[in-house]
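[1] Pasting a predicted model and its sequence here:
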Amino acid sequence: MTAGNSAEIKNFTPDIESRRGENLTRKVASFVLETEFDDLSEELLDLSKKHVLDGLGLALSGSVAESGHIVQEYLQNQNLSGETTVIGTSLRMPERFAAFANGIGVHADDYDDTQLAVGKDRVYGLLTHPTAPCLPAALAIAESGDRSGRELLLAYNIGVEVECKISEAMSPRHYQHGFHSTATCGCLASASAAAKLYDLDIDTTLRTLAIAASQAAGLRENFGTMTKPFHAGRAAEAGVVAADFAKAGWTATDKILESPRGFFQAHGGGYDLDALEGKLGAPWNFIEPGISIKPNPSGSLTHPGMTKMLELILKHDIKPEDVASVDVGTNHNMPNALIHHEPRDELQAKFSMEFCMAILLLERRGALPEFTDDVVNREDVRELISRVNFGVHPEAEAAGYDKMTTIIDINLKDGRTISGRADFGKGSPANPMSYDEVADKFRGCAEFASWPEDRTEAVIAMIRELEQVDSVREITALLAR
């Protein structure tokens with residue numbers, strides 16, 4: 001499917017004369033309010049707790065990113081005071097600003113989880129980063145209200161589910177024409193989590209969703225800059241603001257999703273009703289098709305290639321000096337997102353297939369210490385980047401956009417070519433990370449933030465049994481200076 005051809009997206013264009021889809025927003029709001037903790041299966045809880053732990057670790061490492069320092073200085077200059085933790089700092093802010101700062105932190109290193117697409121016309125892994133907008137909003141309200149781990153888990157799962165299903169229903173044109181779905185659909189995740197934790201009624205929840213949707217914005221042209229995580233922070237903040245204004249009596253429409261002038265039509269030119277209506281929690285997105293946890297702090301589209309590249313390097317003991325060139329081929333949507341072919345800083349490197357291949361050859365890993373400005377600009381890194389060729393491969397194109405098929409040919413100086421193909425990377429549902437593996441990732445993020453080891457281990461243990469935690473404040477106390 002080619003973006004922008006209206007004939008090709010006719011199935012997503014709503015029939016404005018039809019009543020099909022009527023009361024869609026009300027059905028979403030009803031799901032938010034009617035879902036209870038007992039509706040969450042043990043499998044769902046185990047999956048979602050891994051993502052909560054992942055998000056908290058990323059907020060820690062994001063707090064020491066350059067973007068984190070700028071946000072912290074900005075907030076300090078506002079002379080604000082509140083009861084809510086900005087993770088990794090001594091700052092206490094009103095809920096909306098803690099959600100904003102922590103949302104930026106979770107997404108700062110582009111190391112956070114990724115929703116997986118279902119439809120063949122979708123760009124696999126390019127829908128939303130669900131935890132970054134949702135968890136910070138839920139955490140801020142839960143901490144301020146002294147809510148339990150059960151209540152946090154419930155609101156978080158509800159928010160993620162709403163975000164993922166709305167993103168799946170949106171016309172693919174939304175993303176392909178430049179909107180960042182984490183920013184747009186993420187507003188509805190944070191709004192849903194806020195509505196649940198505030199115990200809003202149905203009418204107030206409808207207005208919360210509408211106010212949040214009117215704040216939805218974010219453009220993909222800003223990928224590879226600090227503005228990409230800014231999107232996640234604003235989406236987290238938007239839901240809290242929306243709920244606060246709705247509680248105060250602010251008016252808004254009760255049909256923001258399905259209206260001909262509403263969210264779906266304005267942002268994508270339509271939607272697939274069958275992907276959303278009756279699908280919330282049936283099945284939960286965490287269970288099917290799943291949500292991917294990143295093993296590397298780079299764009300999700302690099303991960304199948306990085307997984308296969310490292311496997312080939314270690315299996316064949318390939319050294320940089322042995323390599324004449326590396327050819328990497330994918331479907332055409334992937335170079336459309338991995339736009340930095342000669343990166344000059346760490347943020348651009350996250351969206352550079354060339355850098356990701358080169359750094360694995362040089363260091364045999366690609367973790368937070370490798371994604372720094374100094375490493376990106378090292379002479380040996382830049383020289384090896386010049387030997388990596390990245391483009392479209394017909395076999396990968398034919399595999400469909402619901403996969404991140406990556407085909408690698410490592411051309412050695414002795415004339416041999418070592419090849420491999422991967423459709424999915426480590427951390428995907430096809431090759432998942434265990435809780436212990438996510439805990440190791442959390443430890444790496446905490447170490448990057450120079451966080452005390454005893455606190456790190458206490459958080460890992462507490463999130464493993466999050467539904468038993470009496471107060472979320474026990475967790476945030478371990479994540480504050």
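    Sure, I can see it. Numbering: from 1, shown residues only.
[2] Okay, now the unreliable bits of the stretch 251-400 of the chain?
    The stretch 251-400 of the chain contains no residues with pLDDT under 70.
[3] got the phi/psi numbers for the residue nearest the centre of the chain?
    The residue lying closest to the centre of the chain (C-alpha atoms, centre = their mean) is His129, at 1.6 Å. For His129, the backbone dihedrals (degrees, to the nearest 10) come out as phi -100, psi 100.
[4] residues contacting it?
    Each residue near His129 by C-beta atoms under 8 Å, 6 or more residues apart in numbering is listed here: 107, 112-115, 182, 186, 232. Any C-beta I mention is one placed from the backbone N, CA and C, and that applies to glycine too.
[5] quick one: which of the residues you listed is most hemmed in?
    Comparing the contacts of His129 by number of neighbours (other C-beta atoms under 10 Å), Gly186 comes first, having 37 neighbours.
[6] That one is in what secondary structure piece?
    Gly186 is part of helix 181-197, with elements assigned from DSSP states H and E.
[7] on that earlier part again, quick check, nearest of the contacts of His129 to Val323?
    When the contacts of His129 are compared for distance to Val323 (C-beta to C-beta), Thr114 wins out at 29.3 Å.
[8] In three-state terms, label the residue located most distally from the centre of the chain for me.
    Centroid-distance maximum for the chain: Asp414 at 41.6 Å, with C-alpha atoms, centre = their mean. Assigned state for Asp414: coil (three-state reduction, DSSP: H, G, I helix; E, B strand; the rest coil).
[9] same deal with Ile408?
    Once three-state DSSP is applied, Ile408 turns out strand.
[10] who are the neighbours in contact with the closest residue to it other than its chain neighbours?
    Leaving aside its chain neighbours, Ile408 sits nearest to Gly420 (5.0 Å; criterion: C-beta to C-beta, 6 or more residues apart in numbering). Going by C-beta under 8 Å, 6+ apart, Gly420 touches 308-309, 311-312, 407-408.
[11] now do 6 Å
    Under the criterion of C-beta atoms under 6 Å, 6 or more residues apart in numbering, the neighbours of Gly420 are 308, 312, 408.
[12] What of Gly103?
    Gly103 touches 132-133, 136, 232-233, 236, counting by C-beta under 6 Å, 6+ apart.
[13] Filter these down to the buried ones.
    Neighbour counting with 16 or more other C-beta atoms under 10 Å marks 132-133, 136, 232-233, 236 as buried within the contacts of Gly103.
[14] could the residues you listed go into CSV alongside distance to Gly268 and secondary structure?
    Converted to CSV, those look like this (distance: C-beta to C-beta, whole Å; DSSP: H, G, I helix; E, B strand; the rest coil):
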residue, distance to Gly268, secondary structure
Ala132, 21, helix
Pro133, 18, helix
Pro136, 25, helix
Ala232, 20, helix
Gly233, 23, helix
Ala236, 22, helix
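[15] Closest to Pro343 out of those?
    Distance to Pro343 across the buried ones among the contacts of Gly103 (C-beta to C-beta) is lowest for Ala232, with 21.1 Å.
[16] measure the closest one to Ala132 for me?
    4 Å (C-beta to C-beta, to the nearest Å).
[17] What of Ile410?
    According to C-beta to C-beta, Ile410 stands 34 Å off from Ala132.
[18] show me where the stretch 101-250 of the chain has strands.
    114-115 (DSSP state E, counting those that start in this stretch).
[19] residues touching Ala163, list them.
    That one is not Ala; residue 163 is Glu. Listed by C-beta under 6 Å, 6+ apart, the contact partners of Glu163 are 128, 130, 185-186, 189.
[20] give the contact list for Val52.
    Ile463.
[21] rerun at 8 Å
    Counting by C-beta under 8 Å, 6+ apart, Val52 touches 131, 135, 152-153, 156, 463, 466.
[22] Output the residues you listed in TSV; the columns should cover distance to Pro320.
    As requested, the contacts of Val52 are exported to TSV (distance: C-beta to C-beta, whole Å):
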residue	distance to Pro320
Thr131	35
Leu135	39
Leu152	46
Leu153	45
Tyr156	43
Ile463	39
Leu466	43
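[23] Now which of these would you call buried?
    131, 135, 152-153, 156, 463, 466.
[24] so which of these comes closest to Ala275?
    Taking C-beta to C-beta as the measure, Thr131 is the one of the buried ones among the contacts of Val52 closest to Ala275, at 21.0 Å.
[25] Distance of the closest one relative to Gly186?
    10 Å.
[26] go on, Ser434?
    Here the criterion is C-beta to C-beta. By it, Ser434 lies 27 Å from Gly186.
[27] Which one of the contacts of Gly103 is nearest to Phe351?
    Ranked by distance to Phe351 (C-beta to C-beta), these are led by Ala232 at 15.6 Å.
[28] For that closest one, list the residues it contacts.
    By C-beta under 8 Å, 6+ apart, the contact set of Ala232 is 103-104, 106-107, 129, 132-133, 182-183, 186.
[29] Would you double-check that Lys426 falls in a helix?
    No. Secondary structure of Lys426 (three-state DSSP): coil, not part of a helix.
[30] thought it was touching Ser300?
    No. Judged on C-beta atoms under 8 Å, Lys426 makes no contact with Ser300 at a distance of 11.5 Å.
[31] Now render the contacts of Gly420 as JSON lines, adding distance to Ile256.
    Shown next, in JSON lines, are those (distance: C-beta to C-beta, whole Å):
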{"residue": "Lys308", "distance to Ile256": "42"}
{"residue": "Leu312", "distance to Ile256": "48"}
{"residue": "Ile408", "distance to Ile256": "44"}
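[32] I'd like those as CSV, with neighbour count and distance to Leu47 appended.
    Supplementary listing: the contacts of Gly420 in CSV, determined by neighbours: other C-beta atoms under 10 Å; distance: C-beta to C-beta, whole Å:
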residue, neighbour count, distance to Leu47
Lys308, 22, 25
Leu312, 16, 30
Ile408, 23, 30
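[33] how near is the residue nearest to Ile408 to Met462?
    According to C-beta to C-beta, Gly420 stands 40 Å off from Met462.
[34] Could you do Leu368 as well?
    23 Å.
[35] Those two - which one has more neighbours?
    Neighbours were counted for Leu368 and for Met462 using other C-beta under 10 Å; Leu368 has more, 21 against 17.
[36] Which residues are in contact with that one?
    If you count contacts by C-beta under 8 Å, 6+ apart, then Leu368 has 61, 109, 111, 297, 444-445, 448 around it.
[37] Over to Phe230?
    By C-beta under 8 Å, 6+ apart, the contact set of Phe230 is 67, 104, 222.
[38] Neighbours of the closest residue to the first one other than its chain neighbours, how many?
    In other words, Ser67. What sits nearest to Ser67 in space, not counting adjacent residues and going by C-beta to C-beta, 6+ apart, is Met226, at 4.5 Å. Residues near Met226, counting by other C-beta under 10 Å, number 16.
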